[in-house]
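> structure here, sequence nowhere to be found:
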């Protein structure tokens, strides 16, 4: 059975609920994830612009060699790293955060009212 999908936005909300949004390790991991996400976005943008295949130096005069774009090999590496960073953020929340107390009906009414 697949696990629940973890998103950056969901982790940021969870960090606030658990009180770790100002934890230095959490902030560092969140910054690292943002950097990784920017790299992934740039790779995807470049692949969209240039396509999945590129031509390289002619080894036989008059004939181009077509090969897979080198960024295609890089994309899974960066995606895997970003996923691991999200997992690290979740571990930090669980290790240093405190699960919020379930709120009763009265607190919910007072908060909403």
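Sure, I can see it. Just so it is clear, the structure is predicted and the values come from calculations on it, not from any experiment.
> can you pull out the strands in the protein?
53-60, 63-68 (DSSP state E).
> and the shortest one, what does it pack onto?
For strand 63-68, the helices and strands in contact under the criterion 3 or more C-beta pairs under 8 Å, 6 or more residues apart in numbering; DSSP states H and E are strand 53-60. Every C-beta, even on glycine, is put in place using the N, C-alpha and C of the backbone.
> hmm, back to that, mean pLDDT, distance to residue 81 and mean neighbour count added to the strands of the chain, as TSV?
Converted to TSV, the strands of the chain look like this (pLDDT from 0 to 100; distance: least, C-beta to C-beta, whole Å; neighbours: other C-beta atoms under 10 Å):
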stretch	mean pLDDT	distance to residue 81	mean neighbour count
strand 53-60	73	24	9
strand 63-68	79	21	10
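> nearest to residue 32, of those?
strand 63-68 (28.2 Å; C-beta to C-beta).
> chain center to that closest one, what's the gap?
A distance of 33 Å separates the centroid of the chain from that of strand 63-68, by C-alpha atoms, centre = their mean, to the nearest Å.
> CSV for the strands of the chain, including distance to residue 36?
Formatted as CSV, these follow (distance: least, C-beta to C-beta, whole Å):
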stretch, distance to residue 36
strand 53-60, 24
strand 63-68, 22
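> right, and those strands - which one's nearest residue 20?
strand 63-68 (41.5 Å).
> so, low pLDDT: which residues of the protein?
Residues of the chain that meet the criterion pLDDT under 70 lie in 1-4, 57-60, 103-104, 107-108, 110-113.
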